[in-house]
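**Q** predicted coordinates and the sequence they were generated for:
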Amino acid sequence: MTQQEEFYSILATGKLTAYYQPIVSLSDGRIYGYEALARGPASSELAMPDQLWAMAEREKRLYALETLARKRAVEGFARANPGWKLFINLNANVIYDPQFTPGQTLALLKEHGLTTEQIVFEITERQSITDFAAFKQALSHYRCQGYKIAIDDAGAGYSSLQAIAELRPDYIKIDRSIIRGVDRDDIKAILLETMAVFARKIGCQLVAEGIETFAELEAVTALGVSLGQGYVFARPQPGLPSISADVLCRLFERKIGKNLLTEASG
């Protein structure tokens, strides 16, 4: 079977699995929400998202794949804590798909007992937005219904600042290329701290993606980032993974130490 044939088989049979990775509050270690990631059949060459979405773009079936991925993401999240957010990727090019039909997500959420306030659409910076006016108009449909918006992969390319200025996101997700080794790189640390201050000033939350070590976790927390995501907490997997007990201890110990220092200085 060719990759093209396998792709259409996935669409026809619905053989797509939602994997989830926790997004954690760095102030108290609580789970804030989960990002949903689509995976093809494990034995397939289209198992990983990059190949899967690249094929959808080539075949001009972005909306069909995104509809299926969103369905799987919502189904697996339906019995989650109602206070958690579900972060779902939104390909910037999907609004140009002739099959794009507003309103289907709302019906899907109602079917599974979720609300629009629980959903955050992640717009990745890796897909360039060529017409911000048209894209903002499409997003207004979602925002008016209560959905939140995140800019994903901020720092991975050149259009992050324009996307932030034009789209006014509720969340900014800092790409792992900035987070990797931030504990050993003064320039990355200054950039991240500046972004944390900027995010607070415009009323949105910063998410550090790709945290893999305790040292990186300590650094992003100390720099004022409010939310974190990465292997240090849990790897993406089917179901809703819990957070490592070691990580919770580290965050808890840091919080206790910070409180003691505050009391001593007071």
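**A** Ah, there it is. Numbers count the residues shown, from 1 in each chain.

**Q** dihedrals phi and psi, K110?
**A** Main-chain dihedrals, K110, degrees, to the nearest 10: phi -60, psi -40.

**Q** contact partners of the host helix or strand of A54?
**A** Secondary structure from DSSP states H and E places A54 in helix 49-58. The contact list for helix 49-58 (CB atoms under 8 Å, 6 or more residues apart in numbering) reads 3-4, 7, 10, 37-40, 45-46, 62, 64-66, 91, 93. Glycine gets a C-beta too; all of them are placed from N, C-alpha and C.

**Q** same thing but 7 Å
**A** Residues outside helix 49-58 that contact it (CB atoms under 7 Å, 6 or more residues apart in numbering): Q3, F7, L37, A38, G40, E45, L46, L62, L65, N91.

**Q** okay, and which of those map to helices?
**A** Q3, F7, L62, L65 (DSSP state H).

**Q** relative to G76, how far out is the second one?
**A** Counting by CB to CB, to the nearest Å, the gap from F7 to G76 is 22 Å.

**Q** and for the third one?
**A** Plainly put, L62 is 21 Å away from G76 if you go by CB to CB.

**Q** my guess is A47 meets R39, correct?
**A** Yes - using CB atoms under 7 Å, A47 is in contact with R39, at 5.9 Å.

**Q** more neighbours: which of those two?
**A** Counted by other CB atoms under 10 Å, A47 and R39 do not tie: R39 has more neighbours, with 21 against 13.

**Q** and the closest residue to the more buried one other than its chain neighbours, backbone torsions?
**A** Leaving out its chain neighbours, the residue that sits closest to R39 by CB to CB, 6 or more residues apart in numbering is T17, at 4.8 Å. Backbone geometry at T17, expressed as degrees, to the nearest 10, gives phi -120, psi 140.

**Q** is T17 in contact with P238, as I believe?
**A** Yes - using CB under 7 Å, T17 is in contact with P238, at 5.9 Å.

**Q** give me the buried positions along stretch 170-177.
**A** D170, Y171, I172, K173, I174, D175, R176 (16 or more other CB atoms under 10 Å).

**Q** V232: what's it in contact with?
**A** Contact partners of V232, counting by CB under 7 Å, 6+ apart, are I211, E212, T213, F214, L217, V247.

**Q** doesn't it belong to a helix?
**A** No - secondary structure of V232 (DSSP: H, G, I helix; E, B strand; the rest coil): coil, not part of a helix.

**Q** look up how far R250 lies from it.
**A** Separation of V232 from R250 (CB to CB): 9 Å.

**Q** so where's the chain uncertain?
**A** 95-98, 100-102, 125-128, 130, 156-160, 252, 254-266 (pLDDT under 70).

**Q** all helices of the chain, in order?
**A** Counting by DSSP H, residue ranges of the helices within the chain are 3-13, 49-58, 62-77, 104-111, 132-144, 160-167, 176-179, 186-202, 214-222, 245-265.

**Q** possible to save those as JSON lines with distance to I119?
**A** Shown next, in JSON lines, are the helices of the chain (distance: least, CB to CB, whole Å):
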{"stretch": "helix 3-13", "distance to I119": "23"}
{"stretch": "helix 49-58", "distance to I119": "19"}
{"stretch": "helix 62-77", "distance to I119": "8"}
{"stretch": "helix 104-111", "distance to I119": "7"}
{"stretch": "helix 132-144", "distance to I119": "9"}
{"stretch": "helix 160-167", "distance to I119": "16"}
{"stretch": "helix 176-179", "distance to I119": "23"}
{"stretch": "helix 186-202", "distance to I119": "20"}
{"stretch": "helix 214-222", "distance to I119": "25"}
{"stretch": "helix 245-265", "distance to I119": "26"}
